[in-house]
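*Asks:* sequence-free structure coming up:
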């Protein structure tokens with residue numbers, strides 16, 4: 001939709017429109033992650049059914065309300081704030097309930113769960129382009145909101161806790177002593193760096209496709225290919241993580257991410273080259289979403305997991321820097337379009353790789369140990 005607004009000059013009367021549109025999506029991502037800590041507290045106090053209901057209503061309401069937006073600040077309120085808060089509650093619910101049902105194959109289970117996001121990204125871009133061309137942006141948002149509500153009501157019927165937890169305000173409090181665990185703190189830094197790198201790619205890839213002469217349909221196809229590879233990659237990361245170690249798997253994935261961005265995307269000037277990048281990067285970029293919770297559970301005791309989870313998601317606020325910084329640099333750079341986006345994304349993945357290698361050797365100094 002960002003590419004549509006820029007191409008059709010929908011909000012051209014407003015200042016720094018490219019930066020503002022990027023910030024709408026970035027703020028959504030930040031709220032969706034950072035308010036998981038609030039969702040965690042509400043889960044402990046109110047229970048999963050009330051939290052799930054609130055998440056569904058907020059997310060679908062935000063999408064539907066975006067259909068009436070006539071300025072960017074209205075998109076901020078509807079998409080960024082309302083839908084972002086709703087998604088944070090749903091994310092908290094998934095991250096609290098799923099580990100209850102799996103122990104031996106926990107990473108594989110998280111991989112299957114995380115692949116659902118990639119499946120959505122695989123299908124939705126084509127739907128958005130088709131609906132947008134046929135009915136316009138207003139009905140595009142309304143249809144997305146109604147569809148989201150209806151599909152998730154069906155999922156609502158099948159969600160259960162394995163063990164009912166006690167409900168109290170005391171249970172919802174954050175245990176800040178987890179921050180004394182240096183290994184956890186390192187892992188908490190990896191999360192926002194990985195998100196800022198991958199989100200920068202997602203935000204600018206459709207516009208980059210248009211820049212090199214591809215159509216909007218082809219640009220959506222690139223994102224869908226990226227997502228399709230992500231389905232296999234996230235499930236594969238969980239499966240491999242259960243066998244060779246979650247941190248080992250993440251290290252290999254981040255190394256491949258660096259290669260894909262700083263080598264393949266850097267020279268991609270055609271549809272074929274961009275498809276190669278989408279397949280290569282798509283297979284490994286979403287590894288953190290699969291392995292984040294299993295790694296945290298291996299670093300801290302189970303009773304501290306909710307606090308580690310909430311604080312980890314809170315750290316994702318820094319991820320907003322990636323796309324926003326890239327947009328700012330792009331607005332200042334006229335000679336080498338999208339070069340700063342590639343550098344920002346590649347450096348982010350490289351930082352993730354370095355921090356995770358440090359974490360691995362802090363846990364076990366043997367280079368080939370299962371960690």
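*Replies:* Arrived safely. No experiment lies behind these values; they were computed from the predicted model shown.

*Asks:* any regions of the stretch 251-371 of the chain where pLDDT drops low?
*Replies:* Applying pLDDT under 70 to the stretch 251-371 of the chain flags residues 319-324, 331, 333-335.

*Asks:* please, where are all the helices along it?
*Replies:* Counting by DSSP state H, counting those that start in this stretch, the stretch 251-371 of the chain has these helices, from start to end: 266-267, 271-284, 287-299, 305-314, 321-332, 339-363.

*Asks:* now for the longest one, which elements pack on it?
*Replies:* Pointing back at helix 339-363 there. If you count contacts as 3 or more CB pairs under 8 Å, 6 or more residues apart in numbering; DSSP states H and E, helix 339-363 packs onto helix 182-211, helix 246-259, helix 321-332. Where C-beta positions appear, they are placed from N, C-alpha and C, glycine not excepted.

*Asks:* same list (those) but as a markdown table, adding distance to residue 348.
*Replies:* What follows is the helices and strands packed on helix 339-363, written out as a markdown table (distance: least, CB to CB, whole Å):
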| stretch | distance to residue 348 |
| --- | --- |
| helix 182-211 | 3 |
| helix 246-259 | 9 |
| helix 321-332 | 6 |
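
*Asks:* now render those helices as CSV, adding mean neighbour count and distance to residue 309.
*Replies:* Shown next, in CSV, are those (neighbours: other CB atoms under 10 Å; distance: least, CB to CB, whole Å):
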stretch, mean neighbour count, distance to residue 309
helix 182-211, 23, 10
helix 246-259, 23, 15
helix 321-332, 18, 22
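
*Asks:* what's the distance between residue 62 and residue 304?
*Replies:* 32 Å (CB to CB, to the nearest Å).

*Asks:* looking at these two, which is more packed in?
*Replies:* The neighbour comparison of residue 62 against residue 304 (other CB atoms under 10 Å) goes to residue 62, with 25 against 17.

*Asks:* that one touches residue 79, doesn't it?
*Replies:* Yes. Under the criterion of CB atoms under 8 Å, residue 62 makes contact with residue 79 at 5.8 Å.

*Asks:* circling back to that earlier point, what's the closest of the helices of the stretch 251-371 of the chain to residue 102?
*Replies:* Nearest to residue 102, of all the helices of the stretch 251-371 of the chain, is helix 287-299, at 9.4 Å by CB to CB.

*Asks:* before we move on, back to that, could you point out which of the helices of the stretch 251-371 of the chain sits nearest residue 175?
*Replies:* Residue 175 sits nearest to helix 305-314 of all those, at 4.1 Å, using CB to CB.

*Asks:* and the closest one with helix 182-211, angle?
*Replies:* Interaxial angle, helix 305-314 versus helix 182-211 (axes from the mean of the first three to the mean of the last three CA atoms, to 10 degrees): 40 degrees.

*Asks:* quick one: helix 305-314 to helix 287-299, angle?
*Replies:* Using the same axes, to 10 degrees: helix 305-314 against helix 287-299 is 140 degrees.

*Asks:* between the helices of the stretch 251-371 of the chain, which one is nearest to residue 249?
*Replies:* Of all the helices of the stretch 251-371 of the chain, helix 287-299 sits nearest to residue 249, with 6.5 Å by CB to CB.

*Asks:* gap between that closest one and the chain center?
*Replies:* Helix 287-299 sits 14 Å away from the centroid of its parent chain (CA atoms, centre = their mean, to the nearest Å).

*Asks:* check which residues of that helix are buried.
*Replies:* 287-299 (16 or more other CB atoms under 10 Å).
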